[in-house]
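Asker: Quick one, what's the 3D model for this:
(3 chains)
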Amino acid sequence: MDRFVYLTFDGLSRGAVYAAFALALVLIWRAARIVNFAQGAMAVAAVYVAYSVTDATGSYWLGFVAAIVFGLLLGVAVEKTVMRFVDHSSPLNGVVVALGLVLIVQGVLGILFGNEYRPIETPFRRDAFEVGGIALLSRYDVFVFAAVGAVVVALTLLFTRTAVGLRMRAAAFAPDVSRLLGVPVGGMLTLGWALAAAVGSLAGMLVVPTELGLHPTAMDVVFVSAFTAAVVGGLDSPIGAVTGGLVVGLLLSYVSGYLGATVAPMAVLFLLVAVLLGRPGGLFSHSKARLA
Amino acid sequence: MKRTTASLLAVLLLAGACDSSGGGSSSSDVPGVTDTEITVGTHMPLTGPAAAGYSKIAPATKAYFDFVNAAGGINGRKITYKVKDDGYNPATTQQVVRELVLQDKVFAILNGLGTPTHSGVLDFLKTNKVPDLFVASGSRSWNQPDKYPGTFGFNPDYTVEGKILGTHVKDTYTGKKICFLGQDDDFGKDSLAGIEKVVGAVAAKQTYVTSNPNVGPQMGALKAAACEVVVLATVPGFTALSIGTAAKIGFKPQFVVSNVGSDPATVGKALGQAAPLLEGVVSANYLPLNTDDSSPWIQLFKKVNDQYNAGAEFDNNIVYGMSVGYLFVQSLQAAGKDLTRDGIIAAVQKNGFQGPGLVPLRFSDKDHSGYGGQQLTKVEGGKAVFIGQAYTTDDGDGAVQPYTGQAVTPPQNGIPTA
Amino acid sequence: MTDLREKSVAPVVPEKVGRKRRIPPAVAILLGAALILILTYTLPPFRNYQLATVGAYFTVTAGLTVLTGLNGQLSLGHGALMATGAYTFALTQNRWLSMPLSVLAAIVVTTLAGVVIGLAAARLRGPYLAGLTLAVAVVVPSVTSTFDTTFNSDMGLSIALDPPPGTIPMERWQAWLCWAGALVTAFLLATLTRGRFGRDIRAVRDDETAARLAGVHVARTQVLAFVVSAACAGLAGALFAVLAQSVSPGAFPLTLSLFLVMAIVIGGLGRLVGALLGALLLVLLPALAQTAGERSGSQHLEGNLALVIFGVVLVVVMLAAPGGLASIRFTLRRK
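Answerer: Here you go, the predicted structure:
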């Protein structure tokens, strides 16, 4: 039982960062109908900015803000200079361009910072509170939950309570009609990219300190887990992304704990098969399942 | 349209063929050897996650060769070292090693890095009779003189290391509960086998995979098993992760770490603020330590590093790379002026090399494994220092024995003679 | 990415133009075989090895472009299918030492795996299919470690191969084997996609409802397309095993699966010529990028500069020629 409780908390704190990253993927999907394979590499670039700023100023929080701002700007830049010019007659073109961006970003980071792992400091201590001898959560885990929770609330408010949010949704779902109605579709798309990249940067800031450290490829594995999480939850649903993230985090923790680390990827595959066979659009999909 | 494509293909391939016909034009019959040059090649991860640390090895070896070349080379021949990036992907290793052998016509492959990557090219190198010297991994696969007569190891194999670490654990922490966390491959398995040969079955054992950077469940299990000593067969990133995770859950056993993942500079960097956790961690090494400024070898390598490696940060990877370079130069000297592939293999088998290593190399016509032992280290004040004395053993049931041979100092000019 | 169904797909070659100029597949294949034969006698050994690698890649990209380009199903998991073929080949070969048998086993086993994945895939769309196949792609090391007594975890298996017959050099022999596989695959696919099967898979890609109304069994067509491309991946896996004389999970990473998709899109989606160009790029582009990186002289840059060059080429080609390289050539010729 102790072990179960321990693994549950371990899984939840992992799951929270998958959830944040999955949210970023959902944002771009909703804005542009693209799964941004470059999300991980862009987030790593932002964390490197934070690393440099923190290194120069000694302040974690300055670095944190710098990463988010850089994320916003990078999102705008990628949309305005590259993605805008991608021919969308085949949806795969966007995928290939994104994969090209991954190589460029990782190569440039490797040239600038080298291929060594670099430590990222955390703003709060990472040793866990113990209850009855079981290590539960650290202050840092609480910070992660709070940050991810704040993002979920902010995004929900944005999309359901503000005019900008409504326009973004409209621009994504019916660009032509929206344009006729005076919605600046291009601007909304840019905004979507910026927001998504900022959330991705936040996720990067949260997850990198808990893993091997900062490295040009640091988010590759996280990307796979987060994409899985987003698919499990349903790419159109922010709540789905959060749920998916937590489910994947818990599953990885339980399976590694009880069956062994090597089995974990197979468990993730089984989870996906089970979920998608039941609900081909993810757990929280609204659209009806495909017939056939 | 098929034809157009086909001719396009032909043109591209031919263009490629012309593009690189330069390397290795040879006056003698020996590939990669001319009167003025010896070309050798290697495969290393220069990019990707595995490049961390390892990408510094080949430049260090190259720097030592440049140092030797500046002094006139070996028997009038300068050493050219071709380094190919394989990203630790065995399929890419296949490509680049063939490029080195078939196209660049290298004399030998030197210090190819990685067990899964290098295993795949053993047959190819054997078929083409290319000397395959000083493979950078502690797998026991390199020691198969009957099957792969041209392949030689360098690192002490993981079982040897496991037995030496196990002996220390057994003698020092008598009666304590001993546990193990290892990588889920031959590194972890051979290491555990070595430890269990000495201490018997461990109380709890866990594995990790590099594709899942969370060892929370494993460390939780070791804590639950009330382990007092944890032996880690981990790569540096996972050493840091394991020690950090243990601290996070209030688990403070004595850590004993394989040489592979123990460099305090690398691990400490990865731990960041938490680097003091490394204090007291026990490990082992078979080369001089980068922080030991009193060692004449370190003085030599630092000098070479400043002059020929642009003063790269001096860590144990650089010591390793230069030690490989030194051993290769020794082998060239021993093979003499009429350098041939068979000649260098015979010279390496003849052995008798004395260099930076703390223990002897095991090379003979029946044994192609590298260093045969290690000396324990302990982290004190953020630096590793040697404790006790060096030990040697084998990968079988042989005893772990103290090594009493004298350490040697490098020659005055830093270049071994014949 | 990837909602292949929501948007109308790829400017596939205007069929009329294609048909007018097209040489019959059999003739094209024979010409190709003759060309390969000439090349293998004129190229130096390493170029022969690269040529062989192109053939092995072409075998899998040809199948993948039929699945993705003509049928509209995206697979990020073909690297895992290749691994299935390669491991089956290795295990069979080490047991019975008969190459034809091992190749056959590789194709059969991978085809069966394709049936399983294809059945699941036929229910899924765009990113959901991508997610599922991605999970398949990353499961390879997990499987080899969990069942390590069979697959020997990360170390992989080495393969016992008979030496080439007579005095044929190894690399030339490998090129012949790989291109025999590639050309037979291309011939079968070309023939298959011209017939009823080809019409059905295109119909399903363009409009499922219309296809169903026209009497096409949509799900069965999709599964079939997946199975055909899986068989190609199985053969390609076996060819890779022959090339490497070993198999290990590290040789089939997620990046391989992603690169395969890149190759068919850059080459020109839905066309065998595009698949061929893509296969060529998979071999030549990294090599050229690395050479350029080495010429830069700085040790620091080498591998990383190659990555950047590779990435820039991908992005530029995709922006300049959205229909892939095959489409550039085509517009030039039609001028």
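Asker: switch to C-alpha atoms for all contacts and neighbour counts from now on
Answerer: Will do.
Asker: Can you pull the residues of the stretch 51-200 of chain C lying near chain B?
Answerer: Remark: the part of the stretch 51-200 of chain C in contact with chain B comprises C:Leu51, C:Ser145, C:Ser153, C:Asp154, C:Met155, C:Gly156, C:Ser158, using C-alpha under 8 Å from any C-alpha of the partner chain.
Asker: buried set for stretch B:357-366?
Answerer: If you call a residue buried by 16 or more other C-alpha atoms under 10 Å in any protein chain shown, then stretch B:357-366 has these buried ones: B:Gly357, B:Leu358, B:Val359, B:Pro360, B:Leu361, B:Arg362, B:Phe363, B:Ser364.
Asker: what about C:Ser75, distance to chain A?
Answerer: Noted for C:Ser75: a distance of 11 Å to chain A, by C-alpha to the nearest C-alpha, to the nearest Å.
Asker: mind checking the SS state of that residue?
Answerer: Classification of C:Ser75 using DSSP: H, G, I helix; E, B strand; the rest coil returns coil.
Asker: Give me the neighbour count for it.
Answerer: C:Ser75 has 27 neighbouring residues, counting by other C-alpha atoms under 10 Å in any protein chain shown.
Asker: Also B:Asp146?
Answerer: Residues near B:Asp146, counting by other C-alpha under 10 Å, number 11.
Asker: picking up where we left off before, show me which pair in the buried residues of stretch B:357-366 is furthest apart.
Answerer: Set against one another by C-alpha to C-alpha, the buried residues of stretch B:357-366 have their most distant pair in B:Leu358 and B:Ser364, with a gap of 18.3 Å.
Asker: mind giving me the domain ranges of chain B?
Answerer: Domain assignment for chain B by automatic domain parsing gives B:28-156+B:295-371, B:158-285.
Asker: can you list those in JSON lines and add distance to C:Arg196?
Answerer: As requested, the domains of chain B are exported to JSON lines (distance: least, C-alpha to C-alpha, whole Å):
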{"stretch": "domain B:28-156+B:295-371", "distance to C:Arg196": "38"}
{"stretch": "domain B:158-285", "distance to C:Arg196": "44"}
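Asker: of the residues of the stretch 51-200 of chain C next to chain B, list those near chain A.
Answerer: Residues of those in contact with chain A (C-alpha under 8 Å from any C-alpha): C:Ser145.
Asker: Now render the residues of the stretch 51-200 of chain C next to chain B as JSON lines, adding secondary structure and pLDDT.
Answerer: As requested, these are arranged in JSON lines below (DSSP: H, G, I helix; E, B strand; the rest coil; pLDDT from 0 to 100):
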{"residue": "C:Leu51", "secondary structure": "helix", "pLDDT": "95"}
{"residue": "C:Ser145", "secondary structure": "helix", "pLDDT": "85"}
{"residue": "C:Ser153", "secondary structure": "helix", "pLDDT": "79"}
{"residue": "C:Asp154", "secondary structure": "helix", "pLDDT": "81"}
{"residue": "C:Met155", "secondary structure": "helix", "pLDDT": "82"}
{"residue": "C:Gly156", "secondary structure": "coil", "pLDDT": "86"}
{"residue": "C:Ser158", "secondary structure": "strand", "pLDDT": "87"}
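Asker: Nearest to A:Leu25 among the residues of the stretch 51-200 of chain C next to chain B?
Answerer: Within these, proximity to A:Leu25 (C-alpha to C-alpha) peaks at C:Ser145, which comes in at 30.6 Å.
Asker: Identify the residues contacting that closest one.
Answerer: In this structure, C:Ser145 makes contact with A:Thr262, B:Asp184, B:Asp185, C:Phe151, C:Asn152, C:Ser153, C:Asp154, judged by C-alpha atoms under 8 Å, 6 or more residues apart in numbering or on different chains.
Asker: max-length helix in chain B?
Answerer: Here the longest helix in chain B is taken by residue count, with DSSP state H as the criterion, and it is helix B:316-335.
Asker: That one - what's its average pLDDT?
Answerer: For helix B:316-335, mean pLDDT rounds to 95.
Asker: Helices of the stretch 201-335 of chain C, residue ranges please.
Answerer: Secondary structure of the stretch 201-335 of chain C (DSSP state H, counting those that start in this stretch): helices located at C:208-213, C:218-244, C:254-267, C:272-295, C:302-320, C:325-334.
Asker: who wins for proximity to chain A among these?
Answerer: Nearest to chain A among these is helix C:302-320 (4.2 Å), distances taken as C-alpha to the nearest C-alpha.
Asker: Please write out the alpha-carbon positions of that closest one in CSV.
Answerer: Taking Å, rounded to 0.1, in the frame of the first residue of the first chain, the C-alpha atoms of helix C:302-320 are listed here in CSV:
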residue,chain,number,x,y,z
GLU,C,302,30.9,18.9,-37.3
GLY,C,303,27.9,16.8,-36.3
ASN,C,304,25.8,19.8,-35.4
LEU,C,305,26.4,21.7,-38.6
ALA,C,306,25.4,18.6,-40.5
LEU,C,307,22.1,18.6,-38.6
VAL,C,308,21.4,22.3,-39.4
ILE,C,309,22.2,21.8,-43.1
PHE,C,310,19.9,18.7,-43.2
GLY,C,311,17.1,20.7,-41.6
VAL,C,312,17.5,23.7,-43.8
VAL,C,313,17.4,21.6,-46.9
LEU,C,314,14.1,20.0,-45.7
VAL,C,315,12.4,23.3,-44.9
VAL,C,316,13.6,25.0,-48.1
VAL,C,317,12.5,22.1,-50.4
MET,C,318,9.1,21.9,-48.6
LEU,C,319,8.5,25.7,-49.0
ALA,C,320,9.9,25.9,-52.6
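Asker: which parts of it are buried?
Answerer: Within helix C:302-320, the residues that qualify as buried are C:302-315, C:317-319, counting by 16+ other C-alpha under 10 Å.
Asker: tell me the angle it makes with helix C:272-295.
Answerer: Helix C:302-320 and helix C:272-295 are oriented at 140 degrees to each other (axes from the mean of the first three to the mean of the last three C-alpha atoms, to 10 degrees).
Asker: Output the contacting helices and strands for helix C:302-320.
Answerer: helix A:91-113, helix C:254-267, helix C:272-295 (3 or more C-alpha pairs under 8 Å, 6 or more residues apart in numbering or on different chains; DSSP states H and E).
Asker: go again using 6 Å as the cut-off
Answerer: Secondary structure elements in contact with helix C:302-320, counted by 3 or more C-alpha pairs under 6 Å, 6 or more residues apart in numbering or on different chains; DSSP states H and E, are helix A:91-113, helix C:272-295.
Asker: ok, back up a step: what does the longest helix of chain B rub up against?
Answerer: Taking C-alpha atoms under 6 Å, 6 or more residues apart in numbering or on different chains as the criterion, the residues outside helix B:316-335 that touch it are B:Ile57, B:Ala60, B:Thr61, B:Tyr64, B:Asn290, B:Gly343, B:Ile344, B:Ala347, B:Val348, B:Pro416, B:Ala418.
Asker: farthest pair in the residues you listed?
Answerer: B:Asn290 and B:Gly343 (33.2 Å).
Asker: And those two? Which one has more around it.
Answerer: Comparing B:Asn290 with B:Gly343 by other C-alpha under 10 Å, the one with more neighbours is B:Asn290, at 23 against 18.
Asker: ok but that one is inside a helix, no?
Answerer: No: if the criterion is three-state DSSP, then B:Asn290 is coil and not within a helix.
Asker: Between the contacts of helix B:316-335, which has the least confident prediction?
Answerer: In terms of pLDDT, the lowest of the contacts of helix B:316-335 is B:Ala418, showing 70.
Asker: What residues does the stretch 101-250 of chain A have near chain C?
Answerer: Along the stretch 101-250 of chain A, the residues adjacent to chain C under the rule C-alpha under 6 Å from any C-alpha of the partner chain are A:Leu103, A:Ile104, A:Gly107, A:Gly110, A:Ile111, A:Thr228, A:Val231.
Asker: next one: the stretch 51-200 of chain B
Answerer: Selection of the stretch 51-200 of chain B residues close to chain C by C-alpha under 6 Å from any C-alpha yields B:Asn89, B:Pro90, B:Ala91, B:Leu102, B:Gln103, B:Pro116, B:Gly120, B:Asp185.
Asker: Next secondary structure after the helix-or-strand element of chain B with minimal mean pLDDT?
Answerer: Every helix and strand of chain B was ranked by mean pLDDT, DSSP states H and E. The lowest is helix B:2-19, at a mean of 48. Moving toward the C-terminus from helix B:2-19, the next helix or strand (DSSP states H and E) is strand B:37-44.
Asker: Alright, that wraps it up for me.
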